[in-house]
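[1] Give me a model of this one.
(chains A and B)
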Amino acid sequence: MQTQTKTADNGVNVETLLTAKAAITETPEAGQFTWRTRSEWTGGVESRTTIEGFFGLGEEQARKAPHTIDADHPEQFDASDKGATPAEIALAALAGCLTAGVAAVAQHRNIQLRSVKATVEGDMDVAGILGIDADVRNGFSAIRVTFDIDADATPEEIAALVAQSQKRSAVFDVITNPTNVRVTVA
Amino acid sequence: MKAVTTIIVGAGQAGLAMSRALSNRGVDHLVLDRGSVGNAWRAQRWDSLHLLTPNWSNGLPGAPYRGGPEPDSFMPVSKLLIQLETYAWRFGVPLQSQTAVLRVSPSGAGYRVDTSQGPFHCETLVMASGACARPQVPALSVAASSAVFQTTPAGYKRPSDLPEGGVLVVGASASGAQLARELQLSGRQVTLATGWHTRLPRSYRGRDIEWWLDTIGLLDERFDEVDDIERARRTPSPQLIGAAEPVDLNALQAIGIDVVGRLSDVRDGQALFSGGLANACAAADLKMHRLLDAVDAWVAERGLDVDLPPPDRPAATRLPQSPALQRSLTDGGICSILWATGYRPDFSWLDVPVFDPRGRLRHQGGVVAAPGLYAMGLTFMRRRRSHQISGVGADARELADHLLGHLDSRRAA
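    Numbers count the residues shown, from 1 in each chain, chains lettered A, B, ... in the order given. The predicted structure follows:
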């Protein structure tokens, strides 16, 4: 007798990811990626970032069309609020990365997702960026991510999805670990 | 040049078990060791180390555990060495000690083995020099080099080996957890940098965890049965000690150890720790409960719930609200670093193209990707218990059969 197993469909092609994993395991050079953004000041404290090509799989890669992100600051800072604050964009990047991870891991574990919502809060004492107190760091003092997930899974399985998504998240790593950053003038 | 059918490199439990398996099959062989029986146990482990597996579980092929007075105790390494020496003597293991293997290269229908005692030729070779031959130290140790004294569990013998003052123990697996405890109890302030780790209780529902792993069949799970063998092989060793005391992060914090995230960089004299500690702990707790769920399910299926104490799950890992993200290596607080960042086997002497792009040995359950070449004692090599003392018997039998088949086909050709 054959048992019928339900196949989850979260719209993630896990086969492609597994094929890429096998290929890069054999050819580590193909795994060397460089992500890239280009930004331009658009007046005030606003900027527009355009994201187009990247390097990976051994060559320059193109997209069908570029993406743009507008950054600005809120009116409370006497800015025009035409875009999100860069610090908020960093929180959005964290949520985007973890959510993608939850979806991919769920697909891999054959867990059907119905909804995945993430709320991210980052605490910041602006005494740092305003130069009021040198002992206060500029960045977040703490970040909290809260997931609200509806899926065909036990609470333990959902907790494991969220744990694994952090384990394999680029942005979670970027935020939780130091990275050498060098800024130069062309 | 001396010729022998099979050379076994290493006279630890894996090499000795293989020697006996070959003797039983009439294969002429020689066991080489750079020191003597159990060299790594003798030379590269610390004084206080007791085995992590209880005495009843440490039988060897042909010499099972036979009702000793303390089946549930954990023997010190000195006692294991006596056990291994007795075993080698009893089964007439053809051992040539004080013979370091310098290079193994293909030669004719076999291998040339250059050693500190001259060259040998063999048709088949078994590498049994251990899964934990070489301590693995991350590259960032260089950045810390001038500031503090640094050592590894392979070089450390006792707390007085370290200078006075605080110690940063990097890595919270079996070695790191045990040594963090020993150093804290010696009066030093220990900071324990904790990345991905494996949490296991020493005992559960009245039985040692090793008994459960053995009984529910987990230790006999085979390398070709698990979903992702590479991941299974990378699983960190569990936070256990050869004693009744727990050495999980709750117990270590209770004696005053400062638990911080994974050491991610050393910069300007500051050790920087990951902010991802909470997830590393959450993941370890989840995996521990999954294992204990499997134990409970096994018990329930057999209707044994009434005979056993109820589930006694360890409490969730407790962490400070904001674990430290950095510690100075220059202000006198931390005077030494103990890198408990894992071990690797050492095949630096193997001049045969059997390595993957990351330098790891290519093998299928110990059958290496070159004819007549075998490994023994590696982590999850053929089964989950492969690297344990209890794991070498079955692996040696199966690989000795394979080796014999190889010799037969060679000789028939």
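[2] Let me know the average pLDDT across the helix or strand containing B:Leu84.
    Secondary-structure element containing B:Leu84, defined by DSSP states H and E: helix B:77-90. What helix B:77-90 shows for mean pLDDT is 96.
[3] Counting by contacts, list what it packs against.
    Other elements packing on helix B:77-90 under the criterion 3 or more Cβ pairs under 8 Å, 6 or more residues apart in numbering or on different chains; DSSP states H and E are helix B:13-24, helix B:39-43. Just so you know, the C-beta spots here come from the backbone N, C-alpha and C atoms, and that holds for glycine as well.
[4] residue ranges for the strands of chain A, please.
    Taking DSSP state E as the test, the strands found in chain A are A:38-41, A:47-51, A:54-56, A:59-61, A:67-71, A:113-123, A:142-151.
[5] Show me where the stretch 151-300 of chain B has its helices.
    Secondary structure of the stretch 151-300 of chain B (DSSP state H, counting those that start in this stretch): helices at B:174-185, B:209-215, B:229-234, B:249-254, B:277-301.
[6] if I look at B:Tyr204, how far off is B:Glu210?
    Taking Cβ to Cβ, to the nearest Å as the measure, B:Tyr204 and B:Glu210 are separated by 11 Å.
[7] circling back to that earlier point, nearest to chain A, of the helices and strands packed on helix B:77-90?
    Nearest to chain A among the helices and strands packed on helix B:77-90 is helix B:13-24 (27.3 Å), distances taken as Cβ to the nearest Cβ.
[8] what about stretch A:172-182, start to end distance?
    With Cα to Cα, to the nearest Å as the measure, stretch A:172-182 spans 20 Å from end to end.
[9] same deal with stretch B:329-346?
    Terminal-residue distance, stretch B:329-346 (Cα to Cα): 31 Å.
[10] Compare the strands of chain A and give me the one nearest chain B.
    Distances from chain B to each of the strands of chain A were compared using Cβ to the nearest Cβ; the shortest belongs to strand A:142-151, at 6.9 Å.
[11] helices and strands around that closest one, which ones?
    Helices and strands touching strand A:142-151, by 3+ Cβ pairs under 8 Å, 6+ apart, are helix A:86-108, strand A:113-123, helix A:155-167.
[12] quick one: buried residues of that strand?
    A:143, A:145, A:147, A:149, A:151 (16 or more other Cβ atoms under 10 Å in any protein chain shown).
[13] and what of stretch A:92-111?
    In stretch A:92-111, the ones that count as buried by 16+ other Cβ under 10 Å are A:93-95, A:97-108, A:111.
[14] Equivalent analysis for stretch B:204-215, please.
    The neighbour-count check on stretch B:204-215 (16+ other Cβ under 10 Å) flags B:204-205, B:208-214 as buried.
[15] Any chance of TSV for those, columns pLDDT and distance to B:Ala243?
    Formatted as TSV, the buried residues of stretch B:204-215 follow (pLDDT from 0 to 100; distance: Cβ to Cβ, whole Å):
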residue	pLDDT	distance to B:Ala243
B:Tyr204	97	16
B:Arg205	97	19
B:Asp208	97	11
B:Ile209	97	13
B:Glu210	97	13
B:Trp211	97	16
B:Trp212	97	18
B:Leu213	97	18
B:Asp214	96	19
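[16] Which member of those is positioned nearest B:Val170?
    B:Ile209 (25.2 Å; Cβ to Cβ).
[17] Assess the claim that the closest one and B:Leu200 are in contact.
    Yes - the criterion here is Cβ atoms under 8 Å, and B:Ile209 meets it with B:Leu200 at 5.3 Å.
[18] Can you tell me which residue is spatially central in chain B?
    Nearest to the mean C-alpha position of chain B, counting by Cα atoms, centre = their mean, stands B:Cys132 at 5.4 Å.
[19] And the spatially closest residue to it that is not a sequence neighbour, what's its pLDDT?
    Spatially, and ignoring its direct neighbours in sequence, B:Cys132 is nearest to B:Tyr343 (3.6 Å; Cβ to Cβ, 6 or more residues apart in numbering or on different chains). Predicted confidence (pLDDT) for B:Tyr343: 95.
[20] ok, B:Tyr343 - how many residues close by?
    Using other Cβ atoms under 10 Å in any protein chain shown, the number of residues around B:Tyr343 comes to 22.
[21] ok now do it, which residues does it touch?
    By Cβ atoms under 8 Å, 6 or more residues apart in numbering or on different chains, B:Tyr343 lies in contact with B:131-136, B:154.
[22] let's see it at 10 Å
    B:40, B:44, B:130-136, B:152-154, B:173, B:175, B:237, B:379 (Cβ atoms under 10 Å, 6 or more residues apart in numbering or on different chains).
[23] Give me the buried entries from the residues you listed.
    If we count by 16+ other Cβ under 10 Å, those have these buried: B:40, B:44, B:130-135, B:152-154, B:173, B:175, B:237, B:379.
[24] low-scoring pLDDT stretches of chain A, where are they?
    Where chain A drops to pLDDT under 70, the residues are A:1-5.
[25] Show me it divided up by domain.
    Following automatic domain parsing, one finds the domains of chain A at A:10-84, A:85-186.
[26] and residue 20, what does it touch?
    Because you didn't say which chain, this covers chain A. A:30-31, A:57.
[27] Chain B was what I was after
    Per Cβ under 10 Å, 6+ apart, neighbours of B:Arg20: B:60-63, B:87-88, B:90-93, B:392-393, B:396-397, B:400.
[28] how does it look with 6 Å?
    Neighbouring residues of B:Arg20 by Cβ atoms under 6 Å, 6 or more residues apart in numbering or on different chains: B:61-62, B:91.
[29] Which of those has the largest number of neighbours?
    That'd be B:Pro61 among the contacts of B:Arg20, by other Cβ under 10 Å, with 21 neighbours.
[30] Once you drop chain neighbours, what's closest to that one?
    B:Gly393 (3.5 Å).
[31] host element of that neighbour?
    helix B:392-412.
[32] Please give the three-state secondary structure assignment for the residue nearest to B:Leu403 when sequence neighbours are not counted.
    Counting by Cβ to Cβ, 6+ apart, B:Leu403 lies nearest to B:Thr124, which is 5.3 Å off, once chain neighbours are set aside. Following DSSP: H, G, I helix; E, B strand; the rest coil, B:Thr124 is assigned to strand.
[33] quick one: B:Thr124 and B:Gly372 touch, right?
    Yes - between B:Thr124 and B:Gly372 there is a contact at 4.0 Å, judged by Cβ atoms under 6 Å.
[34] Residues of chain A that sit close to chain B?
    Proximity of chain A to chain B, by Cβ under 6 Å from any Cβ of the partner chain, involves residues A:28, A:159-160, A:163, A:166, A:176-178.
[35] could these go into CSV alongside neighbour count and distance to A:Leu130?
    As requested, the residues of chain A next to chain B are exported to CSV (neighbours: other Cβ atoms under 10 Å in any protein chain shown; distance: Cβ to Cβ, whole Å):
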residue, neighbour count, distance to A:Leu130
A:Pro28, 11, 45
A:Ala159, 18, 39
A:Ala160, 21, 42
A:Ala163, 20, 37
A:Gln166, 23, 32
A:Thr176, 22, 25
A:Asn177, 18, 27
A:Pro178, 17, 24
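[36] Could you work out the most separated pair of these?
    A:Pro28 and A:Ala159 (32.4 Å).
[37] Could you give the number of residues near B:Val31?
    26.
[38] how many neighbours does A:Val162 have?
    Neighbour tally, A:Val162, other Cβ under 10 Å: 23.
[39] From what I see, it and A:Phe147 are in contact.
    Yes - with contact defined as Cβ under 6 Å, A:Val162 reaches A:Phe147; the gap is 5.5 Å.
[40] returning to what we had before: hey, which of the domains of chain A is tucked in deepest?
    Counting by mean count of other Cβ atoms under 10 Å in any protein chain shown, domain A:85-186 has the highest mean neighbour count of these, with a mean of 15.
[41] How far does that one sit from its chain's centre?
    7 Å (Cα atoms, centre = their mean, to the nearest Å).
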